[in-house]
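A.B. asks: Okay, here's the prediction I keep looking at, along with the sequence it came from:
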Protein chains: 2
Amino acid sequence: MKAAKSPATVEKTAAQPAKKPAPKTPRKRAPVPPPKPYHHGNLRDSLLDAADAVLLTHGASGITLREVAKAAGVSHAAPYHHFASLDDLLATVAERGFQRLIAALEPTTRLTNSRERLLQISEVYVNCARAHPSQFRLMFGPLLSRKREFPALQIAAERSFGMVVAAATALDPRRGTELALLGWSLCHGLSHLLIDGALEGMSMPLPPTALLARQLTERALDGGG
Amino acid sequence: MKAAKSPATVEKTAAQPAKKPAPKTPRKRAPVPPPKPYHHGNLRDSLLDAADAVLLTHGASGITLREVAKAAGVSHAAPYHHFASLDDLLATVAERGFQRLIAALEPTTRLTNSRERLLQISEVYVNCARAHPSQFRLMFGPLLSRKREFPALQIAAERSFGMVVAAATALDPRRGTELALLGWSLCHGLSHLLIDGALEGMSMPLPPTALLARQLTERALDGGG
DNA sequence: CGCTAAATCTTTCTCCCGTAAAGATTGTTC
DNA sequence: GAACAATCTTTACGGGAGAAAGATTTAGCG
């Protein structure tokens, strides 16, 4: 019945077989008792990992609650005990995407040169989008419009934008927010155009992604016209 | 089996095309018979108009072949005689979106001041996205990645980008393409952030849309840091 | 240890979707 | 007017979202 196992995503404690020949042995796996071991191990994280895997294989449009559940090795109705709806699951996936973006941006905060900091933020942003295009689409898709329904998503999104604002304000204390919006819009639009393939086949040679992001941001900082 | 069904189909849709001036009415029950051709004039354009209407009411995610067909007053299978699939219909809707963008950009080609021309292009672009957010999402959604399957969509998209390149090249003949990509990315990202509501509730006062687009483009042209 | 209640997971069901296939209807052409 | 092609409808099938109810495990408590 439950022979199917997720290929390479789950590494948590698997549910023990139905029969327990040995007496009750307290599992010592962590110094603190995990507050979440239940039937499946914890299915919630497994579902999120499975959703990431499905995004990689099937793309953002082909993601399905049933497919995610199957990838996690549970029935198609099991996710409803951990997420209110498919959108709720996807919003959590998007939130994790923002958290990964924040983690990728974190090293730039140690740079003292504000200009170089902004340039590297641009590179990281566009690289992140290209590395995980489906998640990127999810992060900024229609779910973000409903961020009031998903407070965790909203908080993560605002935190990531806050890092851009901080860098821009360091470079231009007077009009930092505007500069942040300029840089963010530029990188966001470039990311979208890149991952949507809008720039392919346009008889236009393009430098590598990171270099392109840096070049355009440099030109925006120095003035392009 | 009910072979002859009374024409109880609703006509709530805004159908303006009437290629047949004298449609013979098989039966007259209303004092004012709407000139609806028995075999539905040309359904193709009606479906495209209906799709636009559905986009307005239900949003980009809630668009459905059945809903479009219902809005056009035909059965849910009728569209298959004019479009190969739902994606084919949506690609045509996206193509019309690009054509509308091209039409909106057309007046800017008469400007002789290249800088002002680029600034107005920015305004038009972002205004267009805000005025038709669902169509905008469709135009640059996953369908654009498959533009090889929809040559008309690809041509319209390239034409619109060509207008930006032309304006940027007029301002900077040496690095016009790069400048066009900078301006396009900036406006594209700003449009996305605006219509996705990413900038709402961020404790950040924003000027009106068109002014914001102009300000950011000006700063990119003049240098921001 | 046994019992009860709550949480988790599965099965089943309904409704809606895209779309293929076949039947019905209309316009066209000889 | 009859055959034909185009158009539209009906019916059907597979699949997905989600609700409802049953089954199973775990926790809580005596």
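C.D. replies: Sure, I can see it.
A.B. asks: Am I right that A:Leu143 sits in a helix?
C.D. replies: Yes - counting by DSSP: H, G, I helix; E, B strand; the rest coil, one finds A:Leu143 located in a helix.
A.B. asks: list the contacts for it?
C.D. replies: If you count contacts by C-beta atoms under 8 Å, 6 or more residues apart in numbering or on different chains, A:Leu143 has them with A:87, A:90-91, A:94, A:150, A:153. No exception for glycine: its C-beta is placed from N, CA and C like everyone else's.
A.B. asks: mind running it again at 7 Å?
C.D. replies: A:87, A:90-91, A:94 (C-beta atoms under 7 Å, 6 or more residues apart in numbering or on different chains).
A.B. asks: Taking the centroid of chain A, which residue is nearest it?
C.D. replies: A:Gly97 (1.2 Å; C-alpha atoms, centre = their mean).
A.B. asks: show me what contacts that one?
C.D. replies: When contacts are counted by C-beta under 7 Å, 6+ apart, A:Gly97 touches A:132, A:135-136, A:138-139.
A.B. asks: cutoff 6 Å now
C.D. replies: By C-beta atoms under 6 Å, 6 or more residues apart in numbering or on different chains, A:Gly97 lies in contact with A:135, A:139.
A.B. asks: helix or strand right after the helix or strand it falls within?
C.D. replies: Using DSSP states H and E, A:Gly97 maps to helix A:86-105. Next helix or strand after helix A:86-105 toward the C-terminus (DSSP H and E): helix A:114-131.
A.B. asks: moving C-terminal of that following helix, what's the next helix or strand?
C.D. replies: helix A:133-139.
A.B. asks: so A:Ala84, which of the three states?
C.D. replies: Under three-state DSSP, the three-state class of A:Ala84 is coil.
A.B. asks: sorry, back to before: among the contacts of A:Leu143, pick out the one closest to A:Lys70, please.
C.D. replies: Using C-beta to C-beta, A:Leu90 comes nearest to A:Lys70 of the contacts of A:Leu143, at 16.5 Å.
A.B. asks: ok, that closest one - how many residues close by?
C.D. replies: Using other C-beta atoms under 10 Å in any protein chain shown, A:Leu90 has 25 neighbouring residues.
A.B. asks: hmm, back to that, possible to save the contacts of A:Leu143 as JSON lines with pLDDT and distance to chain B?
C.D. replies: Shown next, in JSON lines, are the contacts of A:Leu143 (pLDDT from 0 to 100; distance: C-beta to the nearest C-beta, whole Å):
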{"residue": "A:Asp87", "pLDDT": "97", "distance to chain B": "10"}
{"residue": "A:Leu90", "pLDDT": "97", "distance to chain B": "11"}
{"residue": "A:Ala91", "pLDDT": "98", "distance to chain B": "13"}
{"residue": "A:Ala94", "pLDDT": "97", "distance to chain B": "11"}
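A.B. asks: Restricted to buried residues, select the residues you listed in ChimeraX.
C.D. replies: To isolate the buried members of those in ChimeraX, using 16 or more other C-beta atoms under 10 Å in any protein chain shown:
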select /A:87,90,91,94
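A.B. asks: thought A:Gly160 was touching A:Phe98?
C.D. replies: Quick fix: residue A:160 reads Ser, not Gly. Yes - contact criterion C-beta atoms under 6 Å: A:Ser160 and A:Phe98 qualify, at 5.2 Å.
A.B. asks: near chain B, which residues of chain A show up?
C.D. replies: Within chain A, the positions adjacent to chain B are A:61, A:115, A:140, A:142, A:144-145, A:171-172, A:177, A:179, A:182, A:185-186, A:188-190, A:196-198, A:204, A:216, A:219-225 by C-beta under 6 Å from any C-beta of the partner chain.
A.B. asks: In ChimeraX, how would I select the buried members of these?
C.D. replies: Here is the ChimeraX command that picks out the buried ones among these, judged by 16+ other C-beta under 10 Å:
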select /A:115,140,142,144,145,171,172,177,179,182,185,186,188,189,190,196,197,198,216,219,220,221,224,225
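A.B. asks: Can you tell me which of the residues of chain A next to chain B end up in strands?
C.D. replies: With DSSP state E as the criterion, strands contain none of these.
A.B. asks: Can you tell me which of the residues of chain A next to chain B end up in helices?
C.D. replies: Counting by DSSP state H, the residues of chain A next to chain B place A:115, A:142, A:144-145, A:171, A:177, A:179, A:182, A:185-186, A:188-190, A:216, A:219-222 in helices.
A.B. asks: Lovely, talk soon.
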